[in-house]
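Visitor: give me a 3D structure for the following:
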Amino acid sequence: MSTRRNLSILVENHAGVLARVSNLFARRGFNIESLAVGTTQNPEISRITVSLDADDTEVDQMVKQLHKLPIVLMVKCLEPDAHFTRELVFIKVTCDDATRTSVLQIVDIFRGHIVDVSTSTATIEISGGDDKINALAQMLEPFGVLEMVRTGRIAIERGDRVLSLDS
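Guide: Model prediction:
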């Protein structure tokens, strides 16, 4: 049975690495649901977080294929109960003097922040899991969602577990 899986991949930080990794997923027929990349505490290493729907066998095969790439330093499939994920989202909604207070109240309930306001729009910043983000977007829909930009999920293991080349 396919379920959402999060892979954390440590790679060399140089041009073309992301393309090589994402092409491997494409060649194997995987649809990447979310992809986030950033440098780690070591500027020579980047972490790629990939979210996809796959079963255990498919994930194991993908991990083996990733290890074959010389630019991949470490790969870990994060256990569902042993990590947490977050995503940053900007949502631009229509609002005027009559609806601005309602929009602000909804954003406050979800612990979001208004990062830009104009006479006819407000841009909201929120971070959280899919459920929280989708619930806020649904609550804002009656006001008119003009744009939504999502970063992609990032994930980290709970507690003292560390994905590091030093461990």
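
Visitor: please identify the buried residues of the helix or strand harbouring D53?
Guide: Using DSSP states H and E, D53 sits within strand 45-54. The neighbour-count check on strand 45-54 (16 or more other C-beta atoms under 10 Å) flags I45, S46, R47, I48, T49, V50, S51, L52, A54 as buried. In this view, the C-beta of every residue, glycine as well, is placed from N, C-alpha and C.

Visitor: list the helices and strands the helix or strand that that strand is followed by packs on?
Guide: The helix or strand immediately downstream of strand 45-54 is helix 56-67, counting by DSSP H and E. Counting contacts by 3 or more C-beta pairs under 8 Å, 6 or more residues apart in numbering; DSSP states H and E, helix 56-67 packs against strand 3-12, helix 17-27, strand 72-78.

Visitor: in its sheet, what does the last one sit against?
Guide: If you go by DSSP bridges, strand 72-78 pairs up with strand 3-12 (antiparallel).

Visitor: alpha carbons of the strand it pairs with, as CSV, please.
Guide: Only the C-alpha atoms of strand 3-12 are listed here, as CSV (Å, rounded to 0.1, in the frame of the first residue of the first chain):
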residue,chain,number,x,y,z
THR,A,3,1.7,6.0,1.7
ARG,A,4,3.3,9.4,1.9
ARG,A,5,7.0,9.0,2.5
ASN,A,6,9.6,11.7,3.3
LEU,A,7,13.2,11.1,2.1
SER,A,8,16.0,13.2,3.5
ILE,A,9,19.0,13.2,1.1
LEU,A,10,22.4,14.8,1.9
VAL,A,11,24.2,15.7,-1.4
GLU,A,12,27.2,17.7,-2.5
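
Visitor: just to revisit the earlier point, would TSV of the helices and strands packed on helix 56-67 with distance to A122 and mean neighbour count be doable?
Guide: Listed next are the helices and strands packed on helix 56-67 as TSV, based on distance: least, C-beta to C-beta, whole Å; neighbours: other C-beta atoms under 10 Å:
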stretch	distance to A122	mean neighbour count
strand 3-12	31	19
helix 17-27	33	14
strand 72-78	35	18
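
Visitor: may I see the ones you listed organised as JSON lines, with mean pLDDT added?
Guide: Output for the helices and strands packed on helix 56-67, formatted as JSON lines (pLDDT from 0 to 100):
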{"stretch": "strand 3-12", "mean pLDDT": "92"}
{"stretch": "helix 17-27", "mean pLDDT": "93"}
{"stretch": "strand 72-78", "mean pLDDT": "93"}
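
Visitor: sorry, back to before: the strand holding D53 - what's its average pLDDT?
Guide: The average of the pLDDT scores along strand 45-54 is 93.
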